[in-house]
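> coordinates for the following, if possible.
(one chain, ligands or ions: 1)
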Amino acid sequence: MSTDSAESGLSLHHITVRFGGLLALDDVSLRVPPGRVVGIIGPNGAGKTTLFNVVSGFVTPQSGAMTLDGKPFRARPHQLIRHGLARTLQGVGQFDGMTVLDNVQVGPRSENDAWAALERCGIAEHARQFPKTLPYAKRKRVELARALAARPRILMLDEPAGGLDTDEIRWLADLIRESECTVLLVEHHMELVMSVCDEILVLDFGKPIALGAPAEIRSNDKVAEAYLGAAA
Ligand SMILES: Nc1ncnc2c1ncn2[C@@H]1O[C@H](COP(=O)(O)OP(=O)(O)OP(=O)(O)O)[C@@H](O)[C@H]1O
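Residues are numbered from 1 along each chain as shown. This is a model prediction of the structure:
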């Protein structure tokens, strides 16, 4: 079976989300083929996290639909892993009363998978510690390991570079590049986005204003105006 037929992977079709009078996502369509790294960028408030929340089932769109491998997909947060999706949260979202290992193993993840993810993230030596005792960058790795321990087909990373230094971001870029799964990446760190993504969707006030390879996005005037110009 082909892994990249027109229907394989995750697709969003004309997703619209309103919060009261605010249009948070305005007719957003996106195809995320298997094995690709797809970035979602845009200024603060553009709708990036809302899009993640739609895919994860935390937000129900007013209109639009999703498909996974061509079949209708309606996410529910507690069933994400069953569908092969896992997500990190912005910042660090661990349970402070549980060890790193227990945090990584939370939900339907096996201890073996948890250890493999801890090794992959270079934090196995901290497995028996409590997250609070670790520096911020290590806690971000715990968040990543928790997602990886679910052995997702689609890994959703919400601002994984936030608060990290250059070396940590380089490590993260390698992890994303070497990852065997599909990656959806919401991130403000342009260098990381441009260096790891196959394709980038740019949102501005909930509207998709560009979709393309990093080089196309870099030279897109609308993007420069809406985002890169604002960030410069
Ligand atoms: N639950 C909610 N209720 C009301 N408004 C919301 C809610 N969630 C998000 N919004 C609004 O929707 C818009 C999009 O927010 P969202 O968090 O998706 O943007 P973002 O691109 O992720 O921003 P940032 O880069 O700052 O994280 C914002 O104006 C935000 O205030």
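
> can I get stretch 17-33 in CSV, CA atoms only?
Taking C-alpha atoms only, stretch 17-33 is exported to CSV below (Å, rounded to 0.1, in the frame of the first residue of the first chain):
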residue,chain,number,x,y,z
VAL,A,17,-13.7,28.5,14.4
ARG,A,18,-15.3,31.5,16.0
PHE,A,19,-15.1,32.5,19.7
GLY,A,20,-18.1,34.8,20.0
GLY,A,21,-17.4,37.6,17.5
LEU,A,22,-13.8,36.6,17.0
LEU,A,23,-12.9,34.6,13.9
ALA,A,24,-10.0,32.5,15.2
LEU,A,25,-9.8,30.2,12.1
ASP,A,26,-11.2,31.3,8.8
ASP,A,27,-11.6,28.6,6.2
VAL,A,28,-8.4,26.8,6.8
SER,A,29,-7.5,23.7,4.7
LEU,A,30,-4.3,21.8,5.1
ARG,A,31,-3.0,18.4,4.0
VAL,A,32,-0.4,16.7,6.2
PRO,A,33,1.0,13.8,4.2
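
> report the mean per-residue pLDDT for it.
For stretch 17-33, the mean pLDDT works out to 96.

> so who does D27 touch?
D27 makes contacts with 14-16, 64, 207-208, as judged by C-beta atoms under 8 Å, 6 or more residues apart in numbering. The C-beta positions use only the backbone N, C-alpha and C, and glycine is treated the same way.

> and the residues you listed, which are buried?
For the contacts of D27, a neighbour count by 16 or more other C-beta atoms under 10 Å gives the buried set as 15-16, 64, 207-208.

> with distance to the ligand and secondary structure as extra columns, can I get these in CSV?
What follows is the buried ones among the contacts of D27, written out as CSV (distance: C-beta to the nearest ligand atom, whole Å; DSSP: H, G, I helix; E, B strand; the rest coil):
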residue, distance to the ligand, secondary structure
I15, 12, strand
T16, 12, strand
G64, 15, strand
K207, 12, strand
P208, 12, strand
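
> wait, which of the residues you listed is closest to E225?
Nearest to E225 among the buried ones among the contacts of D27 is K207, at 13.1 Å by C-beta to C-beta.

> helix, strand, or coil at the closest residue to the closest one other than its chain neighbours?
Counting by C-beta to C-beta, 6 or more residues apart in numbering, K207 lies nearest to D26, which is 4.6 Å off, once chain neighbours are set aside. Secondary structure state of D26, per DSSP: H, G, I helix; E, B strand; the rest coil, is strand.

> and D26, what does it touch?
Going by C-beta under 8 Å, 6+ apart, D26 touches 16, 47, 205-208.

> pull the most distant pair out of the residues you listed.
With distances taken as C-beta to C-beta, the most widely separated pair in the contacts of D26 is T16 and F205, at 12.9 Å.

> who touches both of the two?
Common neighbours of T16 and F205 (C-beta under 8 Å, 6+ apart) are 23, 26.

> tell me which of the contacts of D27 is nearest to T88?
Using C-beta to C-beta, I15 is the member of these that lies nearest T88, at 21.1 Å.
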